[in-house]
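Peer 1: Below is the sequence, then the predicted model.
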Amino acid sequence: MSLREEIKARIEAEGPLRLHDYMEMCNTAYYASRDPLGRAGDFTTAPEISQMFGEMVGAALADLFLRAGAPADAAYAELGPGRGTLATDALKLLRGVGFKGGVNFVETSPALRREQEKRHPTAVWLETIDNLPERPLMIVANEFFDALPVAQWVGDEERMVALGGDELMLTPDGEVTREESEVSVELMGKLAAHLAQYGGVLLVIDYGYGEGEQGDTLQAVKRHEKVEPLAHPGTSDLTAHVDFAALRTAATEAGARVTPVMTQGTWLETLGLGPRAMSLAGANPAEADNIAAARRRLSSPEGMGTLFKVMAVHHRGWPAPAGLGA
């Protein structure tokens, strides 16, 4: 039975399905069955665009590690690490300043775990954040929270996935007045509590809004094109914009410190994306145009620079990452 037929059967048996539950079913099936990244997949993330992205993340973490006193028991962790590309580039810089800690990946996709293992054969794979080691952690969550389920409301009525004849439909119609991810808030609370107890930092890099804006941001992508969210259950990537204000509140309530939210472009350029691009182009003249294009895509307002945001959550005894302030 296809996922579409499974969803229809569930609605027929139980009634309309929460949008939250629909999204959870779809993305669980989607990530369990494929490597969605790159030209042959459905979307491309920043680490796959250029090594410069992972290098900037690694530079920020390396600097932070040293300013925190180079704790010998610190470890690296990544939530939803894709193919492990970001970790490869970031860990080069971390290892270069003496970091010797282990690597932990929170990943449920068998297909992506196989890709990660090629690059990081000694990593430890975890099913949930509940299994993170009880030690100071440098955690990266790049395009992780956007794939977590959301619920929506039209006025005071929660939006549901129902059947209209033989087709899936969202009800009620009307302007979405509230969208929230209870799962994201719960996970952030757990992560922040871990950092508050054991030390470390969490870098959240994702597309979203920083001041609690509201509205319908649910979208689906298939083969690098936007499609209708109900059109391809389980075979398209469902995401929604991250509510950084809600994450900030959850982290603060759990006892961690939180930095201001910064646009990705401003943060990367502050860390030295421009000089790194020039250095790479000087060493690889034939790739100069591609390197410049990658920089624009990562940092310009027309690319990922403005829509994508960066925020750090950290232990009160640890400094904030460079470029993000206190």
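Peer 2: Yes, it's here.

Peer 1: quick one: Met52 is in a strand?
Peer 2: No: checked against DSSP: H, G, I helix; E, B strand; the rest coil, Met52 lies outside a strand; its state is helix.

Peer 1: so Tyr30 touches His232, yeah?
Peer 2: No: using C-beta atoms under 8 Å, Tyr30 makes no contact with His232, being 9.2 Å away. (Each C-beta comes from the backbone N, C-alpha and C, glycine too.)

Peer 1: Those two: which has the busier surroundings?
Peer 2: Per other C-beta atoms under 10 Å, whichever of Tyr30 and His232 has more neighbours is Tyr30, with 23 against 19.

Peer 1: Next up, the contacts around that one.
Peer 2: Neighbour list for Tyr30: Pro36, Gly234, Thr235, Ser236, Asp237, Leu238 [criterion: C-beta atoms under 8 Å, 6 or more residues apart in numbering].

Peer 1: Kindly report the same for Glu107.
Peer 2: Applying C-beta under 8 Å, 6+ apart, we find Glu107 in contact with Gly80, Pro81, Arg113, Gln116, Trp125, Leu126.

Peer 1: how about 6 Å then?
Peer 2: For Glu107, the contact set (C-beta atoms under 6 Å, 6 or more residues apart in numbering) comprises Arg113, Trp125.

Peer 1: which helices and strands sit right next to the one helix or strand Arg95 maps to?
Peer 2: In this assignment (DSSP states H and E), Arg95 forms part of helix 85-96. If you count contacts as 3 or more C-beta pairs under 6 Å, 6 or more residues apart in numbering; DSSP states H and E, helix 85-96 packs onto helix 46-49, helix 51-67.

Peer 1: buried ones in that helix?
Peer 2: Judged by neighbour count (16 or more other C-beta atoms under 10 Å), helix 85-96 contains these buried residues: Thr85, Leu86, Ala87, Thr88, Asp89, Ala90, Leu91, Leu93, Leu94.

Peer 1: pLDDT and distance to Tyr76 for the residues you listed - can I get that in TSV?
Peer 2: Converted to TSV, these look like this (pLDDT from 0 to 100; distance: C-beta to C-beta, whole Å):
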residue	pLDDT	distance to Tyr76
Thr85	97	14
Leu86	98	11
Ala87	98	7
Thr88	98	11
Asp89	98	12
Ala90	98	8
Leu91	98	7
Leu93	97	11
Leu94	98	7
